[in-house]
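In: here is a sequence together with a model predicted from it:
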Amino acid sequence: MLIGIAIFLSLVVILLAIPVTLTYRLYWKQTLSANIRLRWAFGLVRTDVSPDNARAKADKPEAARKTAGRPDRPQARNTNFMAAIRQPSFRRRIIRFISDVWRAIHKKNVRLLVRMGLGDPADTGQLWAVLGPLSGVFASLRDIRIAIEPDFVDTTFEVDSSGTIRLIPLQFVILALGLLFSPPMWRGVMLMRTSG
């Protein structure tokens with residue numbers, strides 16, 4: 001029995017250690033255009049993801065949507081997320097988790113171009129006062145090219161992104177377990193529950 005469990009766990013670990021490669025091209029202007037290819041097991045498993053499936057679900061008749069309504073759920077207890085964010089140890093742990101996840105994703109030729117405008121040059125200028133410095137920070141990243149451009153003439157929101165992302169699922173499982181069992185995380189969760 002124990003040998004069977006050990007073999008099963010070893011097989012799961014080996015499968016999770018095989019890299020997953022995601023090659024994508026996304027373009028959003030008024031509708032989403034996407035071409036996503038997922039490869040696993042060194043190319044033995046390949047899957048193309050098309051937004052047509054998502055559109056088919058979105059185009060479901062209104063009557064079918066009403067009949068497929070969600071059952072009533074009991075209301076969840078209110079939590080105070082800000083109480084946890086005020087704790088320096090909790091903030092540091094979350095920031096460390098995000099940076100570890102960012103480093104664990106191997107990025108190749110990843111670019112993200114965003115063009116936005118609010119129609120009124122004054123409103124767009126106020127938005128750009130916030131996004132302009134962020135655009136400068138993003139431009140200094142080595143792994144990914146991010147560019148944000150303002151449009152002071154028209155109401156615009158366009159996204160154009162492409163690239164290849166490679167990740168090892170086992171790394172993300174380890175990072176998630178490390179976050180889940182870290183004392184700062186539990187202290188933050190307890191603060192959220194007691195302050196809610």
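Out: Sure, I can see it.

In: how much space between Met190 and Arg86?
Out: 14 Å (Cβ to Cβ, to the nearest Å). To be clear about C-beta, it is placed using only N, CA and C from the backbone, and glycine gets the same treatment.

In: got a pLDDT number for Asp59?
Out: Predicted confidence (pLDDT) at Asp59: the value is 54.

In: next, count neighbours for the residue nearest to Phe42 when sequence neighbours are not counted.
Out: The spatially closest residue to Phe42, leaving aside those adjacent along the chain, is Ile18, at 7.3 Å (Cβ to Cβ, 6 or more residues apart in numbering). Using other Cβ atoms under 10 Å, Ile18 is surrounded by 14 other residues.

In: quick one, what contacts Ser161?
Out: Taking Cβ atoms under 8 Å, 6 or more residues apart in numbering, we find Ser161 in contact with Tyr24, Arg25, Leu26, Tyr27, Val110, Arg111, Leu112, Leu113.

In: cool, and Leu179?
Out: Arg93, Phe97, Met185.

In: correct me if wrong: the residue nearest to Phe42 contacts Ala41.
Out: Yes - counting by Cβ atoms under 8 Å, Ile18 does reach Ala41; the two are 5.4 Å apart.

In: who touches the top helix by length along the chain?
Out: Counting residues, the longest helix found in the chain (DSSP state H) is helix 121-139. Under the criterion Cβ under 8 Å, 6+ apart, residues Met116, Gly117, Leu118, Ile144, Arg145, Ile146, Ala147, Ile148, Pro150, Asp151, Phe152, Val153 lie in contact with helix 121-139.

In: and if we set it to 6 Å?
Out: Gly117, Leu118, Ile146, Ile148, Pro150, Phe152 (Cβ atoms under 6 Å, 6 or more residues apart in numbering).
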